[in-house]
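Participant: could you work out the structure for the sequence below:
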Amino acid sequence: MPEEKEYLTQEKLDELKKELEHLLGTRRKEIAEKLEYAKSLGDLSENAEYQEARENQAAAEERIRKLESILKAAIVISKRSGGAISIGSTAVIKKDGEKETRTYQIVGSEEADTSVGRISNKSPLGEALMGKSKGDKVTWNTPGGSFSCVLVDVE
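Facilitator: Next up, the predicted model:
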């Protein structure tokens, strides 16, 4: 099965590369030193420091695998304006029954953060917005119910 594409902004790509570099270098070395120290304390079966170091090692290696997978499948997106919504676009919507508009940038899953107005292209709203243009009526379903809005602008 082919890997899913990971859509990232250049900033997020750089951030993930930096994190991977840190994990592969500094963090692995720190964990190895803690493991060696814990081993020097003797009996490993009841050695809390050793167990903690092993757990940290497992977590770091899992994050390394995840980052390598993301970076391998990464496609850099650029901010788009106008036209139909695609990854990188910013959508200004007005939900039915609300007076205020809301603004969301459509990004890949790794960058989604609604607190700063970034929604995933795989989220219910993100999927519903994809390919839509200014003035279109958009409806999406969530476990909490069905919602509708008008796409006021594409930036």
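
Participant: okay, strands next: where are they in this structure?
Facilitator: For the chain, applying DSSP state E gives strands covering 6-9, 74-77, 90-95, 102-107, 118-120, 137-142, 145-154.

Participant: for stretch 24-35, which positions count as buried?
Facilitator: Neighbour-count burial for stretch 24-35, counted by 16 or more other CB atoms under 10 Å, picks out 27, 31, 34-35. (Glycine included, C-beta is placed from N, CA and C.)

Participant: need these in TSV with distance to residue 142 and pLDDT, can you?
Facilitator: TSV is the format used below for the buried residues of stretch 24-35 (distance: CB to CB, whole Å; pLDDT from 0 to 100):
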residue	distance to residue 142	pLDDT
27	38	95
31	40	94
34	44	90
35	45	90
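
Participant: make a markdown table out of the strands of the chain and add mean pLDDT and distance to residue 45.
Facilitator: A markdown table is the format used below for those (pLDDT from 0 to 100; distance: least, CB to CB, whole Å):
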| stretch | mean pLDDT | distance to residue 45 |
| --- | --- | --- |
| strand 6-9 | 88 | 41 |
| strand 74-77 | 89 | 42 |
| strand 90-95 | 95 | 56 |
| strand 102-107 | 95 | 47 |
| strand 118-120 | 95 | 44 |
| strand 137-142 | 95 | 49 |
| strand 145-154 | 95 | 53 |
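
Participant: using a markdown table, lay out these together with distance to residue 58.
Facilitator: Compiled in a markdown table, the strands of the chain are given as follows (distance: least, CB to CB, whole Å):
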| stretch | distance to residue 58 |
| --- | --- |
| strand 6-9 | 23 |
| strand 74-77 | 25 |
| strand 90-95 | 39 |
| strand 102-107 | 29 |
| strand 118-120 | 28 |
| strand 137-142 | 35 |
| strand 145-154 | 40 |
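
Participant: mind giving me TSV with these and columns for distance to residue 130 and mean neighbour count?
Facilitator: TSV is the format used below for the strands of the chain (distance: least, CB to CB, whole Å; neighbours: other CB atoms under 10 Å):
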stretch	distance to residue 130	mean neighbour count
strand 6-9	12	22
strand 74-77	13	16
strand 90-95	10	18
strand 102-107	7	20
strand 118-120	11	20
strand 137-142	10	12
strand 145-154	11	16
